[in-house]
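> I'll drop the sequence and a predicted model, then ask my questions.
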Amino acid sequence: MDRRGDNLTLEALDEDLTDTNKGEMILRIVQQKIWKPRWVVGRRWYRTVWSWGDLIVTFILLSANLIWALAHFLKVYYERRPLYGVIYDTDKDMRIGVAYSWAYFLAWGGMMDAGATILFTLREDYLTRTVMGPEGGEYFHGIKYHIGLGYLTFAILTIHSFYIGGVELYFTDGDVWRTFNPASGYNGHVNFWGVLAWCFLAVMVVTSLWAVRRWNYRIFYWGHQFYILFVFAAAVHWQTAIYPVVGALLFFTYDRIVPYLNFNRGVVGKITRVAEEIIRVDVPLQRAVNMEYAPGDWINLRIPHVNLVSFHPFSIGSFYRTSPSHATVFVKARGSWTHKLQAKSPELGETVSMKMHVEGPFGVRQKTYLHSAEFAIIGAGTGITAVLPYAFQYSLVHPERKVAVVWIARWVEEMACYPELYAMCQYLESNNNFEIKLHLTREESGRSQQIEMETVESSSPPPARSSPSEVSADGSGGRVGIDSQEDEEVDSSENVSSEGDLKHAEKVKSKSALIGYGAAVAMVVAVFGIGIFSFFWPRAAFQTGLDREELDCYHWNPDDITSLSGYQMFMCFYVQAMTMTISILMAAIAGGVVVLLYPVVVERRSGWKNFHPPKPLPRRKVNTPWVVGRPEFEKLIGSIAESGAESVGLMVAGPERMVLQLDQLCLKQRKLEFFRESWKV
């Protein structure tokens, strides 16, 4: 899918930031105020900051469930209560029957929540971005509602399951075998599959607890795969239960396939150990279209030599304007997966080529921060790589506006392992209104005569807005990325200089963009068109020649159930589950065909084979003065807020405790607009 419509170019950003449409300007301001953090919620393991947007979305979701439950309670009470008064002999049995019918309808609400839960896990979530705005479409917002809806689904279906099961036992005089035995008749069959569905859902809930995820992520990952079994068992338990989730499943299928039109899925990347606990992973961008990535974008990585199955999300830590040939992520060795990755490059500075599977890029592509009068970022550890591209983008769009970067690391060597990012900081510092404040928490002293410092030589750089890519990784003139790091074997055709070559390159890019749009449309038609057709057509085919009077599923009993044909069993219990399965499978196959045909028509870029990651900077080339110790965040936030600017955007990334602390401090400063990059809710 061609993502250039997300305004990655400076010219498009300039045009977009000029608010010619008053309605769009008002909508942007309202969305920004709605999602501004305002309250601290929770304690200990769950402690986060909420906004008006969080309250509104939560209110809508809870209200929808309450309205559904209340509406069906009134429906059952006023429509079915008189009928049950005739059917049942006692008032007690009549009340039990009314509650039984209400619990049945309540399960539908739970299944609708199960479908909505899927929608909040979409990586390329155009739905939430469109409805809630760029800020509301951020990952940490969506995953918050995903978790909340998951627990709500479990609570509703638990009420349904235990009450329905209890009533069934009541009317069979406590005969468990008869109530839950699938061979005992219709009720026994549906009850058995209902118990299975609840058990699968319970496994998902237990394995998703925070303590379990921290203890063993693989248990959490595989526990979530039980969702497939849960939906299938629910469809067999009650065939109409699939209607609230089948549309969400098609969205999910589309979300998992469409990234294959962006970055190449199977590539040979390069892994370099750049610090004691930091690994650099470079992913090549080999197609002529859909390769652009923006600040805040992230990718999913699966490296078979590390783990055959698991994908892990990482924020892209490179800046597209200086690294257009590759995307770089920086991984800190913290858990089992990252330590295995570290072991693949045991020597400091060693680079190894390795097969990897890539999904992405993903991201909300928000531009709200660009409207701030001034901008500041605070980043610690590898988190700095996720937010520096925001500062670069802001400074290039607004070279006259102030940008402050507070960079927190442990040692000089830990910040020197990002040479391209540091070089870009130096370049903007010397050309734009850009300031770097470096804090090193474990150095013994600040910049002094005891540490040999060398002024970085730099040629006279061109204007900042025109060619920031001409800054080298060591701070001198010369291009960051491929051009300064390639061998002599590089094909010179990449450095087009003649007018004819430029026209040809532009023609290739336009053609590839057209192909990208066509592939995106084909993907939508394939997944949703084939998926919907495959849902209705098989069911119509299965029902051909069906005599519904002979197929009376509701009144089977133990005496005649064994005499039923396989066709009768299938039509009564399994037809909806199978049509749902066929629909999702055919949608995935149709999308896969588009993915397979796409590389045949889209052109590829060359030159990656000679790329070598830049080496970390020597200690003597880090010429930025630093302060030993952590910054005093309260004073730091106060000084940022004291700026004379009308509004100041603050972007933060790093340890979650630090992010939350800064978020809380920003609540006291009205002019600060807080943004965050974090994987934790």
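Arrived safely.

> Look up how far residue 669 lies from the closest residue to residue 310 other than its chain neighbours.
Sequence neighbours aside, residue 221 is the residue nearest to residue 310 in space, at 6.0 Å (criterion: C-beta to C-beta, 6 or more residues apart in numbering). Placement of C-beta: from N, CA and C, glycine included. In this structure, residue 221 and residue 669 are 39 Å apart, going by C-beta to C-beta, to the nearest Å.

> Can you name the next helix or strand after the host helix or strand of residue 513?
Residue 513 belongs to helix 499-524 when assigned by DSSP states H and E. Counting by DSSP H and E, the next helix or strand C-terminal to helix 499-524 is helix 530-542.

> other SSEs contacting that next one?
helix 243-257, helix 575-601 (3 or more C-beta pairs under 8 Å, 6 or more residues apart in numbering; DSSP states H and E).

> just checking, what packs against the longest one?
Translated: helix 575-601. helix 226-237, helix 243-257, helix 499-524, helix 530-542.

> could you give the angle of the shortest one to helix 243-257?
Taking axes from the mean of the first three to the mean of the last three C-alpha atoms, to 10 degrees, helix 226-237 and helix 243-257 form an angle of 150 degrees between their directions.

> Which strands or helices does the helix or strand hosting residue 659 pack on?
Following DSSP H and E, one finds residue 659 within helix 656-666. Helix 656-666 is packed against strand 37-43, strand 46-51, helix 633-641, strand 648-653, strand 672-677, with contacts defined by 3+ C-beta pairs under 8 Å, 6+ apart.

> could I get these as JSON lines with mean pLDDT, distance to residue 188 and mean neighbour count?
Shown next, in JSON lines, are the helices and strands packed on helix 656-666 (pLDDT from 0 to 100; distance: least, C-beta to C-beta, whole Å; neighbours: other C-beta atoms under 10 Å):
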{"stretch": "strand 37-43", "mean pLDDT": "72", "distance to residue 188": "44", "mean neighbour count": "13"}
{"stretch": "strand 46-51", "mean pLDDT": "73", "distance to residue 188": "41", "mean neighbour count": "16"}
{"stretch": "helix 633-641", "mean pLDDT": "89", "distance to residue 188": "62", "mean neighbour count": "16"}
{"stretch": "strand 648-653", "mean pLDDT": "90", "distance to residue 188": "55", "mean neighbour count": "25"}
{"stretch": "strand 672-677", "mean pLDDT": "82", "distance to residue 188": "52", "mean neighbour count": "23"}
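
> can you redo these as a markdown table with distance to residue 83?
As requested, the helices and strands packed on helix 656-666 are exported to a markdown table (distance: least, C-beta to C-beta, whole Å):
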| stretch | distance to residue 83 |
| --- | --- |
| strand 37-43 | 46 |
| strand 46-51 | 46 |
| helix 633-641 | 65 |
| strand 648-653 | 60 |
| strand 672-677 | 55 |
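
> thinking again about what came up before, residues contacting the helix or strand containing the residue nearest to residue 310, please?
Using DSSP H and E, residue 221 sits in helix 217-224. Helix 217-224 is contacted by residues 203, 204, 206, 207, 208, 212, 213, 309, 310, 335, 336, 337 when judged by C-beta atoms under 8 Å, 6 or more residues apart in numbering.

> What residues of it count as buried?
Buried positions in helix 217-224, judged by neighbour count with 16 or more other C-beta atoms under 10 Å: 220, 223.

> chain center to that helix, what's the gap?
17 Å (C-alpha atoms, centre = their mean, to the nearest Å).

> Roughly how far does the residue lying closest to residue 160 once chain neighbours are set aside sit from residue 172?
Closest residue to residue 160 apart from its sequence neighbours, by C-beta to C-beta, 6+ apart: residue 107 at 4.2 Å. From residue 107 across to residue 172, the span is 20 Å (C-beta to C-beta).

> Also residue 199?
21 Å.

> Can I get the helix or strand where residue 340 lies in CSV, CA atoms only?
For residue 340, the host element (DSSP H and E) is helix 336-343. Extracted C-alpha coordinates of helix 336-343, given in CSV (Å, rounded to 0.1, in the frame of the first residue of the first chain):
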residue,chain,number,x,y,z
SER,A,336,15.3,-14.6,26.5
TRP,A,337,14.6,-13.6,22.9
THR,A,338,16.9,-10.6,22.9
HIS,A,339,19.7,-12.5,24.7
LYS,A,340,19.5,-15.1,22.0
LEU,A,341,19.7,-12.4,19.4
GLN,A,342,22.7,-10.9,21.2
ALA,A,343,24.4,-14.3,21.1
